[in-house]
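# Predicted model, plus sequence, below.
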Amino acid sequence: QLQASGGGLVQAGDSLRLSCAASGRTFSNNAMAWFRQAPGKEREFVAVISWDGGTLYYADSVRGRFTISRDKASDAAYLNMNSLKPEDTAVYYCAASGYSFGSRGSGDYVQWGRGTLVTVSS
């Protein structure tokens with residue numbers, strides 16, 4: 001299972017760090033990703049990191065502000081979010097891909113964690 005944490009209420013311009021912890025099985029050979037779903041909108045891709053941490057992709061809307069990383073020793077993934085904007089308000093989900101290199105498509109992901117809410121006030 002995956003469990004996301006670290007969300008909260010912040011002001012525009014602030015930073016947050018989301019964590020995704022695995023339990024019950026390892027995802028160290030799987031790509032890991034973050035998606036988000038804002039109120040009234042569809043879930044969208046945020047960022048993905050390959051199994052070895054060497055390949056990263058970001059959505060255009062977060063590139064340069066968010067950084068995805070992983071710690072294979074602890075089987076965890078992280079999303080550092082800087083310069084947060086009100087439009088970043090959403091429930092953030094971590095997910096494990098069925099492949100070593102992930103994609104932007106949610107269909108590739110075989111395990112989803114419970115989301116963590118990020119609210120950015122203006």
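Looks like it arrived, so ask away.
# Any idea what F35 is bridged to?
Beta-bridge pairing of F35 under DSSP bridges involves F45, Y93.
# Please disregard the earlier target; I meant G8.
With DSSP bridges as the rule, G8 is bridged to V118.
# what residue lies at the spatial centre of the protein?
W34 (2.3 Å; C-alpha atoms, centre = their mean).
# Name all residues that make contact with the nearest residue to S83 once chain neighbours are set aside.
Using C-beta to C-beta, 6 or more residues apart in numbering and skipping the chain neighbours, the partner closest in space to S83 is R65 (4.7 Å). Heads up, the C-betas are built off the backbone N, CA and C, glycines and all. Each residue near R65 by C-beta atoms under 8 Å, 6 or more residues apart in numbering is listed here: M81, N82, S83, L84.
# The third one: neighbour count?
Other residues within reach of S83, judged by other C-beta atoms under 10 Å, total 13.
# From L16, how far out is it?
Counting by C-beta to C-beta, to the nearest Å, the gap from S83 to L16 is 11 Å.
# Just list whatever residues bridge to T67.
Applying DSSP bridges to T67 yields these beta-bridge partners: N80.
# Wait, it touches S83, no?
No: with contact defined as C-beta atoms under 8 Å, T67 does not reach S83; the gap is 11.6 Å.
# What's the local residue count around the nearest residue to A22 once chain neighbours are set aside?
Sequence neighbours aside, D75 is the residue nearest to A22 in space, at 4.4 Å (criterion: C-beta to C-beta, 6+ apart). Neighbourhood size, D75 [other C-beta under 10 Å]: 18.
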